[in-house]
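In: Fold the following for me, if possible:
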Amino acid sequence: MVSRGSIAGVAVGIAAGVGAWGVMVGWTLLGVVLLGLGGGAVPAAVALAVGGDATIARDQLSGSVSVVPLGVSLAGAIVFAVVLTSWPRVVGGAAAFVAGLVVLVCLPGGEFAVRGGATLVGGLVWLVVVVAVRVAMWWLPQVRGVVAVLLGAAGVATVVGVVGSAAAGARVLGTMVLAAPNLLCVALTRGLGVPWSATGPDLPRAAVDTGSFGPLAAPVWPMAVVAVVVVALVAVVAGWHTPWVVAGCFAAMAALGGAAVELRAGFFALELGVAGEVPVAAVVGFGAGLVGCLLVAGGRYWHRRRA
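Out: Numbers count the residues shown, from 1 in each chain. This is a model prediction of the structure:
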């Protein structure tokens, strides 16, 4: 017999799922309107945020977009996961998320359209990852600490990006709303030597609204300082697990932080993209994590000796 507590937990989980979709739609709407894309781009951008795919079709122009706007993804994940404190809530939240995913892929397409199959698969993977991390946080304080460090860094990056770009125009501000965590991924990995490359024609700097590709054109040493601070904080909470944790995080950052756009008009095709080297990021992350945990362990040993 199902208890009232379980029913209440499922209801709370459903509310969390609905709330996550609402936050993602609202945050996306703010970003795309600032970018000048209009509300019609919201379903496609939300689909991208949960790991799906989107296409572009306008007049004789067609193409595809491959990017994960991590600002939207993290906003939804936080609202969704913070409520999942029991299995009934997980069940309710998962059901609500899947229902929203089905609605998303069934929405009519326009200039920006959602690719149904890829978005269903990507959304289910997004759901599994968020739930898995949340369940791991129940039992492992190290996971809670690492998640807190990374979300804190993403939150600071978003605030700094929004405040710093407020006077730079609506398009730059919209980019920060949607993708400030993406720029943080580039900054953290590039700061410790992971190569990133921009593909496409040699565009004039003035034509790039995101500040000349953001971290790709910025000095390296400030990014190195930020990366060292983040790795040190992870080492404090993760201990001897730090090398593997940072390796995985850096690999994920290199994979998720980039973007690619393919446009076609008749026989002509244009590809634009920013991508990081995932294997190199994993190796660099492992080395940085190993150094970080050794330094933290040494510092703790020195402190105990002094005490």
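
In: where are the low-confidence patches of the stretch 201-307 of the chain?
Out: When residues are selected by pLDDT under 70, those of the stretch 201-307 of the chain lie in 201-219, 307.

In: and the gap between Gly289 and Gly22?
Out: In this view, Gly289 and Gly22 are 37 Å apart by C-beta to C-beta, to the nearest Å. The way it works is simple: take the backbone N, C-alpha and C, and place the C-beta from them, glycine included.

In: more neighbours, these two?
Out: Using other C-beta atoms under 10 Å, the more surrounded residue of Gly289 and Gly22 is Gly289, with 25 against 13.

In: Show the contacting residues for that one.
Out: With contact set as C-beta atoms under 8 Å, 6 or more residues apart in numbering, Gly289 has these partners: Val231, Val234, Ala235, Ala238, Thr242, Pro243, Trp244, Val245, Val246, Ala247.

In: Just name the closest of the residues you listed to Ser66, please.
Out: Ala247 (23.9 Å; C-beta to C-beta).

In: pLDDT value on the residue most central in space within the chain, please?
Out: Centroid-nearest residue in the chain, with C-alpha atoms, centre = their mean: Leu70, separated by 2.8 Å. The per-residue pLDDT reported for Leu70 equals 96.

In: That one and Leu140, how far apart?
Out: To Leu140, Leu70 is 23 Å away according to C-beta to C-beta.

In: before we move on, what about Arg190?
Out: Where Leu140 is concerned, Arg190 sits at a distance of 30 Å (C-beta to C-beta).

In: ok, now Gly110?
Out: From Gly110 across to Leu140, the span is 44 Å (C-beta to C-beta).

In: got it, and Gly5?
Out: Counting by C-beta to C-beta - Gly5 and Leu140 are separated by 25 Å.

In: Show me which of those two is the more surrounded one.
Out: More neighbours sit around Leu140 than around the other of Gly5 and Leu140, counting by other C-beta under 10 Å; the figures are 13 against 10.

In: What pLDDT is listed against the residue nearest to Gly76 when sequence neighbours are not counted?
Out: For Gly76, the nearest residue in space outside its immediate sequence neighbours is Met24; the separation is 4.0 Å by C-beta to C-beta, 6 or more residues apart in numbering. The predicted local confidence for Met24 comes out at a pLDDT of 97.

In: can I see the domain layout of this protein?
Out: For the chain, the domain assignment from automatic domain parsing gives the residue ranges 1-139, 141-307.

In: now the longest helix seen in the chain: how far from the chain's centre is it?
Out: Residue-count comparison of every helix in the chain, with assignments taken from DSSP state H, identifies helix 4-35 as the longest. If you compare the mean C-alpha spot of helix 4-35 with that of the full chain, they lie 17 Å apart, counting by C-alpha atoms, centre = their mean, to the nearest Å.

In: List the buried residues in it.
Out: Of the residues in helix 4-35, 6, 9-10, 12-14, 16-21, 23-25, 27-35 count as buried by neighbour count, 16 or more other C-beta atoms under 10 Å.
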